[in-house]
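pasting a predicted model and its sequence here:
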Amino acid sequence: MIERRFFLGFVTALITLGLVVGALQLFLTRVGEIGLAHVVDRQLAAPNGDVLFLSGVNQNSHRYKLMLFDRQQPTTVAIGSSRAMEVRAEFFAGSFVTLGGAVNNLGNLESVADHVAKAAKRPELAIVYVDPWLFNARYTDNQGPVPAYPRYVSADMLWAGAKALRGGNWIAESFRSPNLGIHAIARNEGFAKDGSQYYNLTGAGSYDEKFALTFARIDGDKQNFQRNTRADPRLVGRICVAVKKLRATGSAVAVVAPPFAEQVWQRLSQPDYAYIADGYGQLQACLGDIPFFDFADPAKIAGSTDCEFIDGLHGGDVTYARTLIQMAATDPAVRGQVDARYVADFAAKYRGHAGGTVLARDPAVREADFLKIGCTK
Amino acid sequence: MLFNSYEFILLYLPVVFAGFFAIARFSRRGAALWLALASLFFYGWWDPRYVLLLLGSIGFNYVMGYTIAHARVDDAPTARGRALLAFAVTANLALLAYYKYADFFIGTANALAGLDWALWHVVLPLGISFFTFTQIAFLVDAHRGIAREYNPVHYLLFVTYFPHLIAGPVLHHKQMMPQFGRAETYRLNIANINLGMTIFVIGLLKKVLIADQFALYADPVFNAVQGGASVTMTEAWIGALAYTFQLYFDFSAYSDMAIGLSKLFNVDLPINFNSPYKSRSIVDFWRRWHITLSNFLRDYLYISLGGNRHGTVRRYFNLLATMVLGGLWHGANWTFVLWGTLHGVYLVINHGWNALRTRLGIPSVPGGAFLAWLITFIAVVLAWVFFRATTIESAIRLIEGAVGLHGFGSFAALAPHVPESPATLLGWIVAGLLIVKFAPNSLEIAAWLQNWKLRGWMLGYAVGAALVFVMLNFSRVSAFIYFNF
C-alpha cells in the first residue's frame, strides 16, 4: 500500500509539474528565450532596431550572431567581442552585420573566421577587432566551448526570469513589447538585426560608475585583465592566421585594436600590462600589408572622450564612428564601404554621447551621465 | 547517450522499460534479448560503428569462455585450459592496447629513442576498458570453474547491460547471470521501481547540481597550470579540492544512477562507493573507492602476481605493480602511471606502518582518528592532481603552488583563474568537505528513505519533483569523467 502511494505521488509529480514545464516552454519560446530561428525571423521582418533581442540567460551571442550573418549575407562584417558591438549598419553604404560578441576567446575567433571565409557570399570587407587578452597566455578562457542556445526551458532561465521581475513586470510587458529575450523586454536594450547592441542609457548608475568595475578587474588581476609583460607569440600567430584566412578568400580586411576609456588606458599603460603593446606590435608585424589600426589608446581617436564610452572597455557608437572616419581616411577598402557623410554628421551631432543611434531614433530620449564622471549630455 | 539527458529519460528509458516488461509477459528470453538489443542501441548512439567491435569482443570471449570451461577435466583446470586462457586474455589486452595505448607507446618510444614515428590517433571506443575487464574476469572465472552458465542471450546482456556498459561497475559473471535467469526479474516490482527511481534521482542531483558545479572551480585552475601559469597556494588548493569533490560526486553519481536504473529491471548491481573520503587510511580508501575495480585488481592481478604469499618484500612489490597497472588502466598518460604509483607507495607505507605498529604495540592516541583521516585525505587530494592534470609538468606546477612556492594568495583578491566570489567559492568547498566527511552516502539515504515513517505519497511526489527539477538543469549537461576511461 505504501509503495503504491509512493508510486502514485511520483507519477502525479511528473504529470503536474510536466504540464507546468510544458506551459513554460511554450511561453519562453514565444518571448525568445528558446530557439533562435524565430528570433531572427522576427527581427529580419522589421526595420533595424525595431525588434531588439537579448536573452536573460544566455549572454553568449556566438550562435545568434552567426545566424544573423548567414541570413543577411552582408557586404561588410565586423568581427570581435562585445568590443565590436557598437558598430552600426547606418555607418555603411551597403549591408552590414557585426559579429561583435561572437568572439570571446581565440577558438571563437578561429571558428568565426572559418565560418565567414566559407560563407556562400563572402563579405567585401571584414573589420576584425582584436582584444589584447587573446594573446595573453594568462587569459584562461582562451579555449572555452561555445554554449548551445537553449532548446528547452531550464532552471537558469526560470531563475533569470524571476530575478528580472525585480526590475518590473516583464511578463506583462512581453505582451506589449516588440522585443525578444527577457533582458531586452525588461530593459528595452539588446541587439538589433545588424548585430549591434542598443543600450538603455537613460538611467544613471546602471553601468560602470567612475569605471569602478573595470578598475576592480584590473586591481584583481582577473576577468580579461590578467597582467603580463609579454604577449604569447603562438597566440599572436593564431590570430594572424585567422585574419589571413579571411583575406585569402577575397575579402578586404582591416584589423583594429579597439579602444579603452582614457582613464582605464592610463592604468593599462603600466609595465604590468606591457604585453598589450608587445602583442599588437607582433601582430602588426605578422599581418604585413593588411591595414592595422591601433585605437587601444583613445587619445589616438580624434575628438573622443570618456563620456562617449559605455564603460571602461566598451566605446559607444560615437567612438566607433570616429574610428571609422580615421580608418576611411587611409584605407581605400574601408572608404569604399563607409557612408562617410553619415558617419561624420553622426559623430558631430552626438559628440559626448555613448548611444547616438538611440538618440537618433527617438529625439525625446535623453542620455544620462551614467558613468558619473561629470559628462554634460 | 548520457543518463542525464532528455533523450535518455524521456524516450529511451520509458520505451525500454515498457518493452521489457511487456515482452516478459510472453517470453523471458525475448525480454532479455530486448534489453540486450536496447543496450546495444544505447552504445551505438555514441558511434554505431563501434557496436560491431563490441559484438566482436562479446562473440570472441563467449566462445573462448565456453571452450575454456569445457577444457576442465574432473572439474579441475588443465594445461590446455591455461593455454586457451592465456591466448584469450592476451587477445583482449591486445585489443585494449591498440585502441587505448597505441599512441602512448609510440609517443613514449619517440621520446626515449629520439624516434619520429607518426601517431595513429586511434579513437578510443567508449567503455572499452570496462567491457574488456568484465570479460577478462569472465574468462578467468571460466577457467577457475566459477562461471558455469553459458546462455548466449544472458551473456550478451551481461556484457552490454546499459546501466553499467559505459562506466561500470565492473561486473562478475556469477553476480549477474543468476539474476537474468530468475523469474522475478521479469515481473514488475513496484517497490524496486520506487527504490530505483529514488537512487537514480539522487545520482542525478549529485551529478548535475554538485559535481558539475565543482567542475566550474577545478577546470580554470588546471587549465591555467596547463597553460604555463603559476598558481598561489589558495588557488592550488581550491583547484585540487574542487576536483577531488567533482570526481567523487561525478563518478559516484554515475554509479548511483546505474544501480538505480538497474533496480527498475529488478537487477542488483554491486555497490561501487562507500563514502571513500571518510577513510582513515589508504587501505581503507581502496575498500571504499571504485570498489568493483579494486576487487578486480585484487582478485585478478594482485593475487595472480602472488599476493601476500611470498613474503613481505614480494607483497609490497605486488601491491606497487598492481597500482601502477591500475593507474595505467585509467588512461594512456604518464600522469595516470604516476597517480597509480603514488597510491602504490601510499599502500606500501600504510601496510608497513600497520606492521610496525603491531610489532611495537603503539597505542591509539586521542585525536589519532582525525589525524589519520586528515593525512589520508590530503594524500588522496594530492594524488588526484596527477590524475586530473594532462601533463606531469602541469601537475608539479600545481603541487608547487599547493606547498606555497608561488605565494599564498588571499581569498579577498582571489584567483584570476577562478571567476567566482570568495564567499561562494569558500561556501562550496566547505560544503563539499562537510558532505564527504559527515553526510550519509546515497545508498544510506535511499535505505533511510525506504524505512522513513512518512514514506508515501508525499515522498513519491518529492522524488518526482526532484526529477523534474534536475531535468530543468540539464542545460548545463556534461559527460561523466569516467567515460574517458
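Noted; the coordinates are in hand.

show me the shaky parts of the chain.
Defaulting to chain A. Residue ranges of chain A with pLDDT under 70: A:140-145, A:204-206.

my question was about chain B
In chain B (pLDDT under 70), the answer is B:410-419, B:453-454, B:476-485.

who in it is up against chain A?
Contact residues (Cβ under 8 Å from any Cβ of the partner chain) of chain B with chain A: B:6, B:190-191, B:193-194, B:197, B:220, B:223-224, B:227-229, B:413, B:415-417, B:419, B:455-465, B:467-469, B:472-476. The C-beta positions use only the backbone N, C-alpha and C, and glycine is treated the same way.

filter the residues you listed to the buried ones?
B:193-194, B:197, B:220, B:223-224, B:227, B:229, B:415-417, B:455-457, B:459-465, B:467-469, B:472-476 (16 or more other Cβ atoms under 10 Å in any protein chain shown).

give me the subset of those lying in strands.
Among these, no residue falls in strands (DSSP state E).

out of those, which sit inside helices?
B:193-194, B:197, B:220, B:223-224, B:457, B:459-465, B:467-469 (DSSP state H).

helices or strands up against the longest helix seen in chain A?
In chain A, with assignment by DSSP H, the single longest helix is helix A:2-30. Secondary-structure packing of helix A:2-30 (3 or more Cβ pairs under 8 Å, 6 or more residues apart in numbering or on different chains; DSSP states H and E): helix A:155-164, helix B:190-205, helix B:457-471.

redo that, cut-off 7 Å
Counting contacts by 3 or more Cβ pairs under 7 Å, 6 or more residues apart in numbering or on different chains; DSSP states H and E, helix A:2-30 packs against helix B:190-205, helix B:457-471.

from the middle of its chain, how far away would the shortest one be?
Read that as helix B:457-471. 27 Å (Cα atoms, centre = their mean, to the nearest Å).

what does that helix contact?
Contacts with helix B:457-471, where a contact means Cβ atoms under 7 Å, 6 or more residues apart in numbering or on different chains, come from A:5-14, A:17-18, A:21, A:155, B:9, B:194, B:197-198, B:201, B:204-205, B:208-209, B:449, B:452.

so among these, which ones count as buried?
Applying 16+ other Cβ under 10 Å to these flags A:5-7, A:9-10, A:13-14, A:17, A:21, A:155, B:9, B:194, B:197-198, B:201, B:204-205, B:208-209, B:449 as buried.

all helices for the stretch 101-250 of chain A, in order.
A:106-117, A:155-164, A:170-173, A:182-187, A:212-219, A:233-248 (DSSP state H, counting those that start in this stretch).

can you check what angle separates the first one from helix A:233-248?
If I follow you right, that is helix A:106-117. Inter-element angle recorded for helix A:106-117 and helix A:233-248: 10 degrees (by axes from the mean of the first three to the mean of the last three Cα atoms, to 10 degrees).

and residue B:380, how many neighbours does it have?
When neighbours are counted by other Cβ atoms under 10 Å in any protein chain shown, residue B:380 registers 21.

does residue B:452 count as helix, strand or coil?
Three-state assignment for residue B:452 (DSSP: H, G, I helix; E, B strand; the rest coil): coil.

which helices and strands does the longest helix anywhere in chain B pack with?
Counting residues, the longest helix found in chain B (DSSP H) is helix B:233-264. The helices and strands touching helix B:233-264, judged by 3+ Cβ pairs under 7 Å, 6+ apart, are helix B:162-165, helix B:190-205, helix B:212-226, helix B:368-388, helix B:392-402, helix B:422-438.

save those helices as CSV, and put in distance to residue A:281 too.
CSV is the format used below for the helices and strands packed on helix B:233-264 (distance: least, Cβ to Cβ, whole Å):
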stretch, distance to residue A:281
helix B:162-165, 55
helix B:190-205, 52
helix B:212-226, 25
helix B:368-388, 37
helix B:392-402, 29
helix B:422-438, 36
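
ok, which of these comes nearest residue A:375?
helix B:422-438 (33.8 Å; Cβ to Cβ).

tell me how far the residue most central in space within chain A lies from residue A:375.
Chain A has residue A:82 as the residue nearest its centroid, 2.9 Å off, counting by Cα atoms, centre = their mean. According to Cβ to Cβ, to the nearest Å, residue A:82 and residue A:375 sit 21 Å apart.

starting at the chain centroid, how far to the helix or strand following the longest helix of chain B?
Towards the C-terminus, the helix or strand next in line after helix B:233-264, according to DSSP states H and E, is helix B:282-288. Counting by Cα atoms, centre = their mean, helix B:282-288 is centred 14 Å from the centre of its parent chain.
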